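> A structural model of the following input is requested.
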Amino acid sequence: MAKKKINTARIEKAVKDILLAVGENVNREGIKQTPKRVAAMYTELLAGESENPKQFIKSVFNEKCDEIVLLRDIPFYSICEHHLMPFIGKAHVAYLPSDCVLGVSKLARIVDCFARRLQVQERLTAQIADFLTENLNPQGVAVVIEASHSCMTIRGIKKPGSVMVTSALRGIFKKDPRSRAEVLSLMHNA
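Down below sits the predicted model:
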């Protein structure tokens with residue numbers, strides 16, 4: 001996976017152009033440093049663009065475990081690639097191990113790595129599921145993401161409080177209705 005370098009000078013120039021386009025005085029005290037702040041913000045929010053999620057699967061333990069492993073309610077934020085506005089929510093990630101388990105914090109780190117990119121929620125959900133499937137070789141993976149998209153809550157159709165839910169099921173969770181029902185029940189029964 002190639003690392004992307006964020007060009008902060010180009011972001012600063014683009015933000016300055018936007019401020020000029022909306023009729024602002026770019027030398028006004030309150031916004032004089034705004035281009036630099038916005039460039040730093042995007043560098044932070046999109047840090048996952050330069051991260052390789054494989055760094056988070058180094059803590060794999062050979063462990064006999066044939067029950068579901070679930071990390072629920074993982075908070076995350078991402079940036080909608082359509083409007084460059086944030087979407088914020090929770091991810092629920094589960095897998096049924098074959099012969100190894102992952103360090104518990106690594107599931108959250110993998111979510112953050114994929115979320116901190118320009119994204120659409122559907123792709124984010126699938127990327128997490130596919131990455132775990134390809135790198136852990138589990139019997140199954142289930143990822144459910146619930147998120148509120150500011151691009152539709154504060155603009156456009158303006159529906160605050162609406163939540164989009166996406167899922168990606170792989171392996172036994174896709175093929176076997178009883179396994180699917182069990183993992184989805186665990187995810188939603190707090």
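
> Surely Pro75 forms part of a helix?
No - according to DSSP: H, G, I helix; E, B strand; the rest coil, the state of Pro75 is strand, so it is not within a helix.

> element containing the residue lying closest to it once chain neighbours are set aside?
Spatial nearest neighbour of Pro75, chain neighbours left out: Lys90 (5.8 Å); criterion: Cβ to Cβ, 6 or more residues apart in numbering. No exception for glycine: its C-beta is placed from N, CA and C like everyone else's. Using DSSP states H and E, Lys90 sits within strand 86-96.

> what do you get for Ala14?
Per DSSP H and E: helix 8-21 holds Ala14.

> that older thread, could you point out which element follows the strand holding Lys90?
Next helix or strand after strand 86-96 toward the C-terminus (DSSP H and E): strand 100-102.

> Just the mean pLDDT for that following strand, thanks.
Mean per-residue pLDDT for strand 100-102: 93.

> following that strand, which helix or strand comes up?
Next along from strand 100-102, by DSSP H and E: helix 104-115.

> Now that following helix: buried residues?
Lys106, Leu107, Ala108, Arg109, Ile110, Val111, Asp112, Cys113, Phe114, Ala115 (16 or more other Cβ atoms under 10 Å).

> pretty sure Ala47 is in contact with Arg109, am I right?
No - with contact defined as Cβ atoms under 8 Å, Ala47 does not count as touching Arg109 (11.9 Å).

> thinking again about what came up before, so what's the residue count around the residue nearest to Pro75?
By other Cβ atoms under 10 Å, 15 other residues sit near Lys90.

> May I have the residues that are in contact with it?
Neighbouring residues of Lys90 by Cβ atoms under 8 Å, 6 or more residues apart in numbering: Arg72, Asp73, Ile74, Pro75, Phe76, Ile145, Glu146, Ala147.

> which of those residues count as buried?
Using 16+ other Cβ under 10 Å, the buried members of the contacts of Lys90 are Ile74, Phe76, Ile145, Glu146, Ala147.

> Sheet-wise, list the partners of the strand holding Lys90 with their directions.
strand 69-80 (antiparallel), strand 140-149 (antiparallel) (DSSP bridges).

> which of the residues in it are buried?
Buried residues in strand 86-96, counted by 16+ other Cβ under 10 Å: Phe87, Gly89, Ala91, His92, Val93, Ala94, Tyr95, Leu96.

> would CSV of the residues you listed with distance to Lys158 and pLDDT be doable?
As requested, the buried residues of strand 86-96 are exported to CSV (distance: Cβ to Cβ, whole Å; pLDDT from 0 to 100):
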residue, distance to Lys158, pLDDT
Phe87, 15, 97
Gly89, 19, 98
Ala91, 26, 98
His92, 28, 98
Val93, 31, 98
Ala94, 34, 98
Tyr95, 38, 97
Leu96, 41, 97
